[in-house]
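Participant: 3D model of this:
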Amino acid sequence: MKINKKLIGFLTVLLISSILFLNFSYKRESKKLALIIGISKYKKQWSRLNTETDVKLIKESLIKKGFEEENIIILKDSFATKKNIKNIFKEHLIDNAEEGDILVFHFSGHGQQVMDNNNDEADGYDESLVPYDADAIYTRKYTGQNHLIDDELNLMIYEARKKIGKKGSLMFIIDACYSGTISRGGNVVIRGDKDKLAPRSYKPILDVKFANTSGAYEVKKSDEKNLGKFVVFSGARQDQPNFETYDLENNPVGSLSLAFSRSIVKINKNTSYLKLFDQIKIEMAHLVPQQTPQAEGDLENKVFGGKTKEVKEYYMIKEQINDSIYIMNAGGLNGIFEGTTFSVYDINTKKIKKKNKKVSGYVIKSTEFDSEIVIKSDFKLEELKRSIIYIDNQSFGPLEVNILLDLENKNRVARILKNHKLIEIVEEENVYNADAIIKKTLNKFKENILHFIIKNEDDTISVKIENDKAKTIAHAIEKEMIFFSKAKYIRSLNLINPDLDVQLEVLPVEYQLINRRPKVTKIYEEKSKIKKNGQLVFDEGDVVILQIINKGNFTAFFSVIDISPDNSISVLIPDKKTPASDVKILPKDTIIFKTQLMLIGKPFGNDMLKVVASRKPIDNLRKIVSSPEERKIMKSLTNRAFISHLEELMLNTMDGTGTRGLTPLSIPISEINIYSKILNIRPKQK
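Facilitator: Okay, the predicted model is just below:
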């Protein structure tokens, strides 16, 4: 046999080239690794928390974004000792990681400030996470050796970031706080301890020359370019308590854990950490209005480097309960609540149109993970499992306000309020589900004062009443709770419609008085007011104007609503003299309201602005958010050619009338976009 050496040589070169091409073209997919820690029961001294739901929520939300279950490690209670946390962090998040990987560390538990041992803190105290085996009180035997202080965490963070390199990312989610407060009557669970871990004789050095004042988690700037991206989300400022809240099944849960989980599942591959934090702030403003979450780090970068599962626009049926009730694979995390309506299509449907739908249905109950739905049809389960579900009308969850009556004549008051459609009275054993606790006292002038202790808020609302008769008290409760429920409900409204994507920016300005009228002389970008912690912060005395941007595809009529920290509501745009039909914006256009200057002032706290964009003008929005008397006048008008779905929703739920059996209404997602922005308003800085 004659061997062709030239042919063999050519084939050898071709084979080597192919191998080299495969080696160079192969791109390893980034691993996603997570360590989730939840401590409910501590070894001793610490109050019990409720972190079981935190762990479940974080795990499920990460899985929805592409994390494999086998790459998620969970440490709970007695397994979450300091030694175990440090060891598992090293083994799982450092040793297992490679360049370009995605890492997540979540901690739900107590936090505490401890004595600073190396003079690197401006206030003389280190921040720390509290593992299972840490004591709460400083003694001769216990000086903080089982606390996980920020100095140790910074070393762990540094090693992890170095391992994953500049193409990787590390996210910390801390649902704890370093300073706590005694709960009112022990009814609300707070994460953290107001007592610092230090000997009584300890006097912190408050003016250290080289003190580190940049936050708990940091790295040396010279190393930054070689390290993975790093972001930390925490539930509250260091001087704030971190409240627990509850999920759709009334399970107690960390407020940040719930807000993060509801936010992360909605992101796409282009979402930045800052945009994710914006959504977290919106969720937190609804769950715990007076709490200010924090974010630090590489916030302008894409979440997980853009390596995340895309959000699906449809859902599917998991199982059948009976002839007409099924389980759908989406719930509160996806913004699906009781009252949401939908249409069912064949799985191969290319165009979602009414004529192509098989059947319609609606949601009767939601958990955070799935929903019970009603579909009345002759389709068998297997046929429905081969179908997809698209949302038609968005509901925004329960409307009722739960109250606990701590009154001498509570039974008589309860009977009067029994049939009120917005007020639900809970008993003491269900106190955790109460939005407000109501008490009555006498002041020094022997006047009757009714106190509304609002859950998860810093301030108690106190109202003077004429007498202590049940009818008088019930009327005061009704008036105040309608006011409260209106603000609570409007805070929850958040609806994304790409075709009506109208957004808002708050622009700081300088101005001069010309002929006694203010004229803007300089406009600054909104981002000039975004602090290192991710908060958009304005000081008392700042002057601002609003900028409206239409990123959608249609001309939109719009209104701007302001919900203050004290729950008062006002319409900023349009003003009282301008018809709603005159306030519109073309697609891809921008409008700056240069002549409407606004002065920032009290009340301090988290202020929420909402832009409601619609295809038709909402003529009566100002009356909808105003007094019950004005709403009754508006409701009597019958000659209107058009009542928007939002008007109908608000009128039917916010007038405080009607009977028991309130059904959540919903808004067609094709007609409205509701965009929210949180402003943190603080006293003028010296």
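
Participant: show me how far stretch 363-377 is from its chain's centre.
Facilitator: 23 Å (Cα atoms, centre = their mean, to the nearest Å).

Participant: now do stretch 310-323
Facilitator: That offset, for stretch 310-323, works out to 24 Å (Cα atoms, centre = their mean).

Participant: give me the contacts around that stretch.
Facilitator: Residues outside stretch 310-323 that contact it (Cβ atoms under 8 Å, 6 or more residues apart in numbering) are 265-269, 326-330, 334, 336, 342, 370, 372-373, 381, 384-385, 387-391. Just so you know, the C-beta spots here come from the backbone N, C-alpha and C atoms, and that holds for glycine as well.

Participant: buried ones in that stretch, by neighbour count?
Facilitator: Neighbour-count burial for stretch 310-323, counted by 16 or more other Cβ atoms under 10 Å, picks out 314-317, 320.

Participant: could you give me the average pLDDT of it?
Facilitator: The predicted model assigns stretch 310-323 a mean pLDDT of 90.

Participant: ok, stretch 142-161 next?
Facilitator: Stretch 142-161 shows a mean pLDDT of 93.

Participant: alpha carbons of it, as CSV, please.
Facilitator: The C-alpha coordinates for stretch 142-161 follow below in CSV (Å, rounded to 0.1, in the frame of the first residue of the first chain):
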residue,chain,number,x,y,z
TYR,A,142,-17.3,36.2,76.2
THR,A,143,-15.8,39.2,74.4
GLY,A,144,-17.2,38.7,71.0
GLN,A,145,-15.2,35.7,69.8
ASN,A,146,-18.2,34.1,68.1
HIS,A,147,-19.5,37.2,66.4
LEU,A,148,-18.7,37.6,62.7
ILE,A,149,-17.4,41.2,62.6
ASP,A,150,-17.0,43.3,59.5
ASP,A,151,-13.2,43.0,59.5
GLU,A,152,-13.4,39.2,59.2
LEU,A,153,-16.2,39.5,56.6
ASN,A,154,-14.1,41.9,54.5
LEU,A,155,-11.3,39.3,54.4
MET,A,156,-13.8,36.6,53.3
ILE,A,157,-15.2,38.9,50.7
TYR,A,158,-11.7,39.8,49.4
GLU,A,159,-10.7,36.2,48.9
ALA,A,160,-13.9,35.4,47.1
ARG,A,161,-13.6,38.3,44.8
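
Participant: neighbouring contacts of it?
Facilitator: By Cβ under 8 Å, 6+ apart, stretch 142-161 touches 81-82, 85-86, 89-90, 93-94, 97, 103, 112, 114-115, 118, 120, 126-131, 133-135, 138, 168, 170, 172, 197, 216-219, 223, 227-228, 230.

Participant: from those residues, which ones fall inside strands?
Facilitator: 103, 112, 114-115, 126-129, 170, 172, 230 (DSSP state E).

Participant: I'd say E480 and I461 touch.
Facilitator: Yes: because the distance of 6.5 Å satisfies Cβ atoms under 8 Å, E480 is recorded as touching I461.

Participant: what sits in contact with each of those two?
Facilitator: Common neighbours of E480 and I461 (Cβ under 8 Å, 6+ apart) are F452.

Participant: quick one: which of those two has more around it?
Facilitator: E480 (20 against 17; other Cβ atoms under 10 Å).

Participant: where does the closest residue to that one other than its chain neighbours land in three-state SS?
Facilitator: Distances taken as Cβ to Cβ, 6 or more residues apart in numbering place F452 nearest to E480, at 5.8 Å, with adjacent residues excluded. Of the three states, F452 takes strand according to DSSP: H, G, I helix; E, B strand; the rest coil.

Participant: what comes up buried for the helix or strand encompassing E480?
Facilitator: Element membership for E480, per DSSP states H and E: helix 470-492. For helix 470-492, burial by neighbour count (16+ other Cβ under 10 Å) applies to 470, 473-478, 480-492.

Participant: just the CA trace of the very next helix or strand once past that helix, in CSV.
Facilitator: Going down the chain from helix 470-492, the next helix or strand is strand 502-514, by DSSP H and E. Coordinates of each C-alpha in strand 502-514 appear next as CSV, following Å, rounded to 0.1, in the frame of the first residue of the first chain:
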residue,chain,number,x,y,z
VAL,A,502,-43.5,56.6,31.1
GLN,A,503,-40.8,57.3,33.7
LEU,A,504,-39.9,60.1,36.0
GLU,A,505,-36.8,61.9,37.2
VAL,A,506,-36.5,64.4,40.0
LEU,A,507,-34.0,67.1,39.0
PRO,A,508,-32.3,69.5,41.6
VAL,A,509,-32.2,73.1,40.4
GLU,A,510,-30.9,76.5,41.2
TYR,A,511,-33.2,79.5,40.6
GLN,A,512,-33.5,83.2,40.8
LEU,A,513,-36.5,85.4,41.6
ILE,A,514,-37.3,87.6,38.6
